[in-house]
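[1] with the input below, show me the fold.
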Amino acid sequence: MRLLAFIALLASGTSLACPPPPKDPSRIAVAGGSVAEIIYLLGEQHKIIAADRTSNFPPEALELPSIGYVRALSTEGVLSLEPTLILGEDDTGPPVVIEQLEKVGVDVAIVPERTDADGIIEKIVCIAELIDAPEESLKAALTALEEDYEFLKANAFDSESRVAVLLSLQDGVPTAGGSGTSADGVMKMAGLNNVFGSFDGWKPVASESMVERNPEYIFMPSRSVAMNGGIEQILANPIIALTDAGKNGNIYEVDGMALLGFGPRTLSVAKKLALQVGGSDE
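    Residues are numbered from 1 along each chain as shown. Model (predicted):
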């Protein structure tokens, strides 16, 4: 489906349920890296007064005052910055803090999430509405993403590929993304076969399971790669070394927020993964 056709469907009411517009989006505290990234893409970053620790792109977002971690916000810390709107991803919390913020009259908008290409576009359109972004800014943002979106929607990839996303290597044991995770979503978006799609969530993987599933390609967040001593050290991991990915050196690091955050960059990452596995360097 072409992007403009999908936007027309959104206008007819097929999108995820976006929260009602806030009274005043002029002072936004952002909870979630994808939300911050979208606001910058829309050119409305002047409305952000603070952001959580996952808001690390673009780099200037790191200079904003911090409200802590997206899932562990503090009522006092957020209120001290006098926001008119708390704009968060779907895992913003804890719930008791959200309730306290709403009780004192601060608008809280939690943006729905769906881990596919259409869901990313829906999120951008929703956020543009919530922060009262100009129509021309939304159009420019979507135009910038059009090529990647339409590539992913138009191409069918090799469903026989064997791919895994590992979140970490805790004491040498991999934690892999199963069904229902953002990792599974990005692999489906790229048309790739998640070898660990038979279990739900993020789970440690024993050597026997790794050998049985035998991924050909393994993708990891850059932070996890660095924490484990780099690609060469990961290739030397005895569990990883048992896989075709380990034997052939097909371990790749990817920016964690771009890979798993389901913001604008996730479209280009999904395209890149598809082309890597497909053997193209486009």
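
[2] now do the same for the closest residue to residue 18 other than its chain neighbours: its pLDDT.
    Among residues not flanking residue 18 along the chain, residue 126 sits closest, at 3.9 Å (C-beta to C-beta, 6 or more residues apart in numbering). Where you see a C-beta, it was placed from the backbone N, CA and C, and this is true even at glycine. On pLDDT, residue 126 comes in at 94.

[3] residue 126: neighbour count?
    Close neighbours of residue 126, defined as other C-beta atoms under 10 Å, add up to 20.

[4] what's the answer for the one 10 residues further on, then?
    Residue 136 is flanked by 9 other residues according to other C-beta under 10 Å.

[5] could you list every residue that touches it?
    When contacts are counted by C-beta atoms under 8 Å, 6 or more residues apart in numbering, residue 136 touches no other residue.

[6] now swap in residue 224 and tell me
    So residue 224 contacts 166, 167, 168, 169, 253, 256 (C-beta under 8 Å, 6+ apart).

[7] got it, and residue 182?
    Contacts of residue 182 (C-beta under 8 Å, 6+ apart): 115, 259, 260, 261, 262.

[8] farthest pair within these?
    Greatest spatial distance in the contacts of residue 182: 115 and 259, 11.7 Å, computed using C-beta to C-beta.

[9] which residues do these two both contact?
    With C-beta under 8 Å, 6+ apart, residue 115 and residue 259 have common neighbours 182, 186.

[10] so which residues make contact with stretch 81-100?
    22-35, 39, 49-50, 65, 67, 70-75, 78, 101, 106-113, 127, 130-131.

[11] which helix or strand contains residue 30?
    strand 28-31 (DSSP states H and E).

[12] how far off centre is whichever helix or strand comes after that strand?
    Counting by DSSP H and E, the next helix or strand C-terminal to strand 28-31 is helix 33-41. Its chain's C-alpha centre lies 11 Å from the corresponding centre of helix 33-41 when counted by C-alpha atoms, centre = their mean, to the nearest Å.

[13] can you check stretch 57-66 too?
    Centroid separation for stretch 57-66 versus its chain: 17 Å, with C-alpha atoms, centre = their mean.

[14] outside of that stretch itself, list whatever touches it.
    Against stretch 57-66 from outside (C-beta under 8 Å, 6+ apart): 30, 33, 36-37, 40, 45, 48-53, 55-56, 81, 255, 257-258, 263, 265.

[15] contacts only, for the residue lying closest to residue 263 once chain neighbours are set aside.
    Distance criterion C-beta to C-beta, 6+ apart; nearest residue to residue 263, sequence neighbours excluded, is residue 34 at 3.3 Å. Each residue near residue 34 by C-beta under 8 Å, 6+ apart is listed here: 89, 123, 257, 261, 262, 263, 264, 266.

[16] what's the answer for residue 227, then?
    Taking C-beta under 8 Å, 6+ apart, one finds residue 168 in contact with residue 227.

[17] just the one 4 residues further on next, same as before
    Under the criterion of C-beta under 8 Å, 6+ apart, the contact list for residue 231 reads 225, 251, 253.

[18] leaving out sequence neighbours, find the closest residue to the second one.
    Okay, so that is residue 251. Closest to residue 251 by C-beta to C-beta, 6+ apart is residue 218, at 4.9 Å.

[19] next, that neighbour: secondary structure please.
    Three-state assignment for residue 218 (DSSP: H, G, I helix; E, B strand; the rest coil): strand.

[20] verify the stated contact: it with residue 162.
    No - checked against C-beta atoms under 8 Å, the pair residue 218 and residue 162 is beyond contact range at 9.8 Å.

[21] more crowded one of the two?
    Neighbours around residue 218 and residue 162, counted as other C-beta under 10 Å, are more numerous at residue 218. The numbers are 25 against 19.

[22] now the one helix or strand residue 271 maps to against helix 33-41, angle please.
    Using DSSP H and E, residue 271 sits in helix 264-278. Interaxial angle of helix 264-278 relative to helix 33-41 (axes from the mean of the first three to the mean of the last three C-alpha atoms, to 10 degrees): 110 degrees.

[23] and helix 264-278, how far out from the chain's middle?
    Worked out by C-alpha atoms, centre = their mean, helix 264-278 lies 13 Å from the chain centre.
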